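Trainee: sharing a sequence plus its predicted fold:
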Amino acid sequence: MGKGKGDGLECCKVCGAAACCCFVLLLVLALAGLGIAKIVMGAVHLHDCSIEYLIPIWLIVSGCAPILFGGMGKQSNDEDGDSNMCAQVCGAIGFLFNLSWLICGSVWVYPNYNTVTADDFVQCTANITTNCTEGNCDKSLITFAFAMATLDWIFMGLWIVIIGCMICRACQGSSRA
């Protein structure tokens, strides 16, 4: 009878680890898909947003940046501390770039989203010159950019919490030694 209890606990550990791996894999695939969607949407609508021409460029760069910076923060298993420190510095630079680029994108996307999607939005033309807005932006582009900026802020908040927890854990570990 004693053997069955231990086997059940071991099975739960294996199932938990498998579920965690599946969750991480699905998250990575979803984030890669969002990155590709950002690149495609920005490229397709590159010249469709005269109200703020940087919105499609923001989408393209924010889709490429995680791919380019993704491997920089990985820990190396070398005994050489310099290469480990270099990986951490490169990872920090990538994180700061993504944060600053997200701030820029938010400055470009959020105010223009409210302008373009307002019910009383009227684009200035040769016939309409009063109570109108100069420029226009494709509604699917601005709505997609708004959703991506909001999702990016959610993920950025989660990353900041995770990094903060890792720093706290490292500080507690070093104070015990």
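Mentor: Structure's in. What do you need? Values in this document were obtained by computation on a predicted structure and should not be read as measured data.
Trainee: so what secondary structure elements neighbour the host helix or strand of Ile160?
Mentor: Using DSSP states H and E, Ile160 falls within helix 139-176. Contacts defined by 3 or more C-beta pairs under 8 Å, 6 or more residues apart in numbering; DSSP states H and E place helix 139-176 against helix 2-44, helix 54-69, helix 81-116. For the C-beta atoms, the positions are set from N, CA and C on the backbone; glycine is no exception.
Trainee: spatially central residue for this protein, please.
Mentor: The centre of the chain sits closest to Asp152, judged by C-alpha atoms, centre = their mean, with a distance of 3.9 Å.
Trainee: once you drop chain neighbours, what's closest to that residue?
Mentor: Closest residue in space to Asp152, ignoring its immediate chain neighbours: Leu102 at 5.1 Å, by C-beta to C-beta, 6 or more residues apart in numbering.
Trainee: over to Asp48?
Mentor: Asp138 is the one closest to Asp48 (C-beta to C-beta, 6+ apart), at 4.2 Å.
Trainee: just want to check the distance between the one you found and Ala17.
Mentor: Noted for Asp138: a distance of 45 Å to Ala17, by C-beta to C-beta, to the nearest Å.
Trainee: neighbour-wise, which of the two wins?
Mentor: Using other C-beta atoms under 10 Å as the criterion, Asp138 and Ala17 rank with Asp138 on top: 19 against 10.
Trainee: torsion angles phi and psi at the more buried one?
Mentor: phi -60, psi 130 (degrees, to the nearest 10).
Trainee: go on, Cys49?
Mentor: The phi/psi pair for Cys49 (degrees, to the nearest 10) is phi -140, psi 80.
Trainee: ok, and the closest non-adjacent residue to it?
Mentor: Leaving aside its sequence neighbours, Cys49 sits nearest to Cys137 (C-beta to C-beta, 6+ apart; 4.0 Å).
Trainee: dump the residue contacts of that neighbour.
Mentor: Contacts here follow C-beta atoms under 8 Å, 6 or more residues apart in numbering; on that basis Cys137 touches Asp48, Cys49, Ser50, Ile51, Glu52, Ile55, Asn112, Val116.
Trainee: let's go with 7 Å and repeat that
Mentor: Neighbouring residues of Cys137 by C-beta atoms under 7 Å, 6 or more residues apart in numbering: Asp48, Cys49, Ile51, Glu52, Ile55, Asn112, Val116.
Trainee: and Glu134, by the same measure?
Mentor: Taking C-beta under 7 Å, 6+ apart, one finds Cys124 in contact with Glu134.
Trainee: check it and give its pLDDT.
Mentor: Among the per-residue scores, Glu134 holds a pLDDT of 77.
Trainee: for it, give me phi and psi.
Mentor: Phi and psi for Glu134, reported as degrees, to the nearest 10, are phi -70, psi 130.
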